[in-house]
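*Asks:* based on what follows, work out the 3D shape:
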Amino acid sequence: MHSIMPLKLVHTSGPVYRVMTINVAKCLNSCLKFARQLPILTLAEFIRNMLQRWFHDRHRTPQSMRHQLTNASHLVILKRVEKCAYMTVNPVDWNIFSVKRSRKQWTVDLARKTCTCNKFQMNMFPCSHALAAARYSTFI
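*Replies:* Next comes the predicted model:
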């Protein structure tokens, strides 16, 4: 298997939804490095086989998942749920909560999907403070 260029975070002012991007041209160039010396028809067949294998693998991955989230996202959520066990949550309003841990404090608005740490709104993926607030709101 050919090595693929390392992934980079998107640099944008809008939400990124935990998406990683790569430079497609650099990725394909690195995968086709040794194949460039092949005759044109063999190169075309090589590219077709490579893309077919990639698409097959991408379609098999979701079928093997046991959760609605990807395995990587599920692990992130589990780690954040562990963190929220050490947090104290106090309701401010129906959907707004004050979350404290040690001497730090955050304000979470579950309706607007925001947190003062800014991770919730930038990634559109719940931070540990939002998970603590959500966990508390289900106990009310």
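
*Asks:* any buried residues in stretch 31-45, and which?
*Replies:* Buried residues in stretch 31-45, defined by neighbour count with 16 or more other C-beta atoms under 10 Å: residue 31. (C-beta placed from N, C-alpha, C; glycine too.)

*Asks:* show the subsequent helix or strand relative to the longest helix along the chain.
*Replies:* The helix spanning the most residues in the chain, taking DSSP state H as the definition, is helix 40-64. Using DSSP states H and E, the helix or strand that follows helix 40-64 towards the C-terminus is helix 71-84.

*Asks:* packing partners of that next one?
*Replies:* helix 128-139 (3 or more C-beta pairs under 8 Å, 6 or more residues apart in numbering; DSSP states H and E).

*Asks:* would you mark the buried spots in the longest helix of the chain?
*Replies:* By neighbour count, with 16+ other C-beta under 10 Å as the criterion, the buried positions of helix 40-64 are residue 46.

*Asks:* also stretch 80-93?
*Replies:* Applying 16+ other C-beta under 10 Å to stretch 80-93 flags 80, 84, 87, 89 as buried.
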